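Visitor: Sharing a model prediction with you, sequence too.
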Amino acid sequence: MITALTARKYSDDLFEFDAIHNDRGTRARIGRFATPHGTIDTPVFMPVGTRGSVKGILPEQLRQVGSSIILANTYHLALRPGSQTVRDLGGLHRFMSWDGPILTDSGGFQIFSLATLNAIDDDGVSFKSHIDGALMRLDPASAVAIQQELGADIIMAFDQCPALPATPDALSLAVERTIRWAAECKSAWTSSAQALFGIVQGGLDLDLRRRCLDALVHIGFPGYAIGGLSVGESTGDMATCLNAFAHLMPSDRPRYLMGVGRPLDIIRAVAAGVDMFDCVMPTRNGRNSFAFTDAGFVRLRNARYRLDERPLDETCDCPCCKQFTRAYLRHLFLADEMLGPILVSLHNIAYYHRWMRRIRDAIRQDALADMLREAENSAAAGSPLSEAPE
């Protein structure tokens, strides 16, 4: 049985999460999550720096547009430059010159994303490196050890993320492994300077989700994540799953939805009770000349922008929109100048942070239901909130 979930605050020596206000019309809440490298206002979006770099963006530029926490990846940093190298150079914060909070994924998502390069068994996963073919073994203990050497503030339990759709047997096996591996991660976790989050799997099967969550809560973690979504299911199915499940997670711990997603997906998940998000969408689209704006996607390679002297978004105060025209940005992409992907990635990150600020303001005013309704109506009419070129 899932434990009582009405408390709002959790704290230990170095971490404290406080859900300071619940929206009256939805299950959304705003909170503050204190970590050894700073405090995060939630709901929050985390830009992705898989290999210790948010592609093309300086740390001070991330700060300038509103980033408070970033994400890096265990599998990729273990391969190159190696977690011991990062440790010997002072840890990931010093290595990448980012003094704010960092979250590292455990490598479990690569079971899904690199499915053709790995073999999974009950004890862990053997990867064939996507760089040089070398063999790499990840299991619960090594995933935690690598993340402890990297030194992120928030580290993730090793889990099995199955692609969807999956058979009931495949989902059940993934859940059983995820529960067993979470207990092994908890036993291997020795650093009080890091918060270890458990990851709930189960696909779209709510009974399996509840079983996995109940087991993880029994083990006990400072935070909990929802994994195994945005891996092949429809966005409608994802929203239905989150509406039925997210609020069941402990109310006094941060709730993190991994790898999601579009602005509409994020506000739906916030309304269901989720606090933390990450996704490559703003930077990947930025590198490919797609810009998020309130008025719609701007596809900068289109000829219509050849003489367009407007900024990408006249309501945006990011460095890209304050200094450069659409015509100039289009030129940069057509000329293969690296400044184009950098500027549009920076703008897209700023757009996501502005979206999260609007969501937090709406919750504070008990008006998220109105904002969600407006977003759903706009999406139904073809707005950019539900689009995703990449």
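Guide: Sure, I can see it.
Visitor: And stretch 317-335, what's buried?
Guide: Under the neighbour-count criterion of 16 or more other Cβ atoms under 10 Å, stretch 317-335 has Cys318, Cys320, Cys321, Phe324, Thr325, Arg326, Tyr328, Leu329, Arg330, His331, Leu332, Phe333 buried. To be clear about C-beta, it is placed using only N, CA and C from the backbone, and glycine gets the same treatment.
Visitor: Farthest-apart pair in those residues, please.
Guide: For the buried residues of stretch 317-335, with distances taken as Cβ to Cβ, the pair at the greatest spread is Cys318 and His331 (19.1 Å).
Visitor: hang on, the earlier thing: same list (the buried residues of stretch 317-335) but as a markdown table, adding pLDDT.
Guide: Listed next are these as a markdown table, based on pLDDT from 0 to 100:
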| residue | pLDDT |
| --- | --- |
| Cys318 | 98 |
| Cys320 | 98 |
| Cys321 | 98 |
| Phe324 | 98 |
| Thr325 | 98 |
| Arg326 | 98 |
| Tyr328 | 98 |
| Leu329 | 98 |
| Arg330 | 98 |
| His331 | 98 |
| Leu332 | 98 |
| Phe333 | 98 |
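Visitor: Among those residues, which ones are in helices?
Guide: Counting by DSSP state H, the buried residues of stretch 317-335 place Cys320, Cys321, Arg326, Tyr328, Leu329, Arg330, His331, Leu332, Phe333 in helices.
Visitor: which ones are touching the third one?
Guide: If you count contacts by Cβ atoms under 8 Å, 6 or more residues apart in numbering, Arg326 has them with Val298, Leu300, Tyr305, Asp308, Glu309, Arg310, Pro311, Leu312.
Visitor: pLDDT weak spots in the stretch 51-200 of the chain?
Guide: For the stretch 51-200 of the chain, applying pLDDT under 70 flags no range at all.
Visitor: cutoff 90 now
Guide: Filtered on pLDDT under 90, the stretch 51-200 of the chain yields the residue ranges 107-118, 133-134.
Visitor: Now do the helices in it.
Guide: Under the criterion DSSP state H, counting those that start in this stretch, helices of the stretch 51-200 of the chain are mapped to 59-64, 74-79, 83-88, 92-95, 109-113, 140-150, 168-188.
Visitor: JSON lines for the ones you listed, including mean neighbour count and distance to Pro101?
Guide: Shown next, in JSON lines, are these (neighbours: other Cβ atoms under 10 Å; distance: least, Cβ to Cβ, whole Å):
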{"stretch": "helix 59-64", "mean neighbour count": "16", "distance to Pro101": "12"}
{"stretch": "helix 74-79", "mean neighbour count": "23", "distance to Pro101": "16"}
{"stretch": "helix 83-88", "mean neighbour count": "16", "distance to Pro101": "16"}
{"stretch": "helix 92-95", "mean neighbour count": "19", "distance to Pro101": "9"}
{"stretch": "helix 109-113", "mean neighbour count": "20", "distance to Pro101": "20"}
{"stretch": "helix 140-150", "mean neighbour count": "23", "distance to Pro101": "13"}
{"stretch": "helix 168-188", "mean neighbour count": "19", "distance to Pro101": "20"}
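Visitor: TSV for those, including distance to Pro162?
Guide: Written out in TSV, the entries for the helices of the stretch 51-200 of the chain read as follows (distance: least, Cβ to Cβ, whole Å):
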stretch	distance to Pro162
helix 59-64	32
helix 74-79	17
helix 83-88	26
helix 92-95	29
helix 109-113	7
helix 140-150	17
helix 168-188	5
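Visitor: So which of those helices is nearest Ala239?
Guide: Ranking the helices of the stretch 51-200 of the chain by proximity to Ala239 (Cβ to Cβ) places helix 168-188 first, at 19.1 Å.
Visitor: what's in contact with that closest one?
Guide: Outside helix 168-188, the residues within contact range by Cβ under 8 Å, 6+ apart are 106, 122, 124, 139-141, 143-145, 157-162, 166, 196, 198-203, 205, 208, 211-212, 215-216, 219-221, 227-228.
Visitor: now swap in stretch 17-31 and tell me
Guide: Where contact means Cβ under 8 Å, 6+ apart, the residues beyond stretch 17-31 that reach it are 8-11, 32-34, 41-43, 222-223, 246-247, 251-254, 270-273, 275, 359-360, 362-364, 366-370, 372.
Visitor: remind me which residues of the stretch 251-390 of the chain are low pLDDT?
Guide: For the stretch 251-390 of the chain, the stretches with pLDDT under 90 are 261, 294-297, 378-390.
Visitor: could you give the angle of the longest helix that the chain contains to helix 326-334?
Guide: What stands out as the longest helix in the chain, according to DSSP H, is helix 339-364. Calculated by axes from the mean of the first three to the mean of the last three Cα atoms, to 10 degrees, helix 339-364 forms an angle of 120 degrees with helix 326-334.
Visitor: by contact count, what packs against helix 339-364?
Guide: For helix 339-364, the packing partners by 3 or more Cβ pairs under 8 Å, 6 or more residues apart in numbering; DSSP states H and E come out as strand 29-35, strand 44-46, helix 263-272, helix 281-287, strand 290-291, helix 319-323, helix 326-334, helix 368-380.
Visitor: Go through the helices of the stretch 51-200 of the chain and name the closest to Gly133.
Guide: With Cβ to Cβ as the yardstick, what comes closest out of the helices of the stretch 51-200 of the chain is helix 74-79 (11.3 Å).
Visitor: Using PDB, list the CA coordinates for that closest one.
Guide: What follows is the C-alpha trace of helix 74-79 in PDB, where atoms were taken according to Å, rounded to 0.1, in the frame of the first residue of the first chain:
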ATOM      1  CA  THR A  74      26.400   9.000 -16.200                       C
ATOM      2  CA  TYR A  75      26.900   6.700 -19.200                       C
ATOM      3  CA  HIS A  76      28.400   9.400 -21.500                       C
ATOM      4  CA  LEU A  77      30.700  11.000 -18.800                       C
ATOM      5  CA  ALA A  78      31.800   7.500 -17.700                       C
ATOM      6  CA  LEU A  79      32.900   6.800 -21.300                       C
END
